[in-house]
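Trainee: Next input, structure requested:
(one chain, ligands or ions: 1)
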Amino acid sequence: MRLDKCMEAAQIGSRKQVKKLFKAQRICIDGQVATSLSQIVDPALQEIVVQGKQIALAGASYFLLHKPAGVVSAVTDSQHQTVIDCIQPEDRATGLYPVGRLDRDTEGLVLITNNGPLGFRMLHPKHHVDKTYYVEVNGPLSQDAPTFFASGVTFLDGTRCQPCQLTVDFSSLEHSRATIKLAEGKFHQVKKMFLAYGVKVTYLRRISFGGFALGDLPLGQYRTLTQTEIQHLLTYFD
Ligand code: URA
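Mentor: Numbers count the residues shown, from 1 in each chain. Sure thing, here's the model as predicted:
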């Protein structure tokens, strides 16, 4: 779409105001000052910044999905249902992908977008995006467990994790429940951390991610992010 049409879609201002911003070199495409209001841009693939703020475009889609177990965090899969298959065909814009991954047997919050650079930025270690998980395990989580996790867990293979916060909700010899908050995203991280403590994760659900909470969104359902949420995302992860 043409840049001026894109400005119109994002409700940046009147044509006169957009022209003024353009002349003042306040519109940037992928870090470069826009050279013409008739230049062709793709809001799903490019970062369009007006007066220092990335704009929320009608062209980019943002969904928050409550992923069920059995669904894979991928765009396509020859054997299993994917998180993209969970989006209704009429909402399935081109280029949708999940921001980060949950294991196939993990339930919970997955952000889905077709804003190309956003996922990369959200997952960049410099942002330390917090994730909270509700966890059930097959053994006790004793009084020492929060300190064990707060000290930085070392996986059985020697990999070190950053300190994280464990809150035990219930503990017994055969079954315990807890919530854990961490900022990293290592492969199978939660399962491996509990394994290092000496118990096996029997159920895992991500309940928050980067300031977004699952709330009471039913399993398998998704919702569109509000304009305020999108603006927050684009401003925070710029
Ligand atoms: N940690 C895991 O072990 N699995 C997930 O799906 C997410 C975090």
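
Trainee: CA only for contacts and neighbour counts going forward, please
Mentor: Will do.

Trainee: burial count for the closest residue in space to P68 that isn't next to it in sequence?
Mentor: Spatial nearest neighbour of P68, excluding adjacent residues (CA to CA, 6 or more residues apart in numbering): E107 at 4.9 Å. Close neighbours of E107, defined as other CA atoms under 10 Å, add up to 24.

Trainee: I figured E107 hits T202, correct?
Mentor: No - counting by CA atoms under 8 Å, E107 does not reach T202; the two are 11.9 Å apart.

Trainee: ok so, going back, quick check: bridge partners of the residue nearest to P68?
Mentor: R205 (DSSP bridges).

Trainee: And it, how close does it get to G220?
Mentor: Distance, E107 to G220, by CA to CA, to the nearest Å: 9 Å.

Trainee: and what of L195?
Mentor: Taken as CA to CA, the span from L195 to G220 is 28 Å.

Trainee: Next, the contact list for F63, please.
Mentor: L111, I112, T113, Y222, R223, T224, L225 (CA atoms under 8 Å, 6 or more residues apart in numbering).

Trainee: Also near the ligand: which of those, exactly?
Mentor: Filtering these for proximity to the ligand by CA under 6 Å from any ligand atom leaves nothing.

Trainee: List buried members of these by neighbour count.
Mentor: L111, I112, T113, Y222, T224, L225 (16 or more other CA atoms under 10 Å).

Trainee: In strands, which of these fall?
Mentor: If you go by DSSP state E, the buried ones among the contacts of F63 have L111, I112, T113, Y222, T224 in strands.

Trainee: List the contacts of the nearest residue to the first one once chain neighbours are set aside.
Mentor: Right, L111. Nearest in space to L111, with sequence neighbours left out and distances taken as CA to CA, 6+ apart, is L64 at 4.7 Å. Contact analysis of L64 by CA under 8 Å, 6+ apart lists L109, V110, L111, I112, Y222, R223, T224, L225.

Trainee: Out of those, the closest to L45 would be?
Mentor: I112 (14.5 Å; CA to CA).

Trainee: The closest one bridge partners, please.
Mentor: Under the criterion used (DSSP bridges), I112 bridges to F63, P98.

Trainee: Tell me, what's the model's pLDDT at it?
Mentor: Note on I112: pLDDT of 96.

Trainee: Could you pull up the contacting residues of it?
Mentor: S61, Y62, F63, L64, L65, I84, L96, Y97, P98, V99 are the contacts of I112 under CA under 8 Å, 6+ apart.

Trainee: Nothing else from me, thank you.
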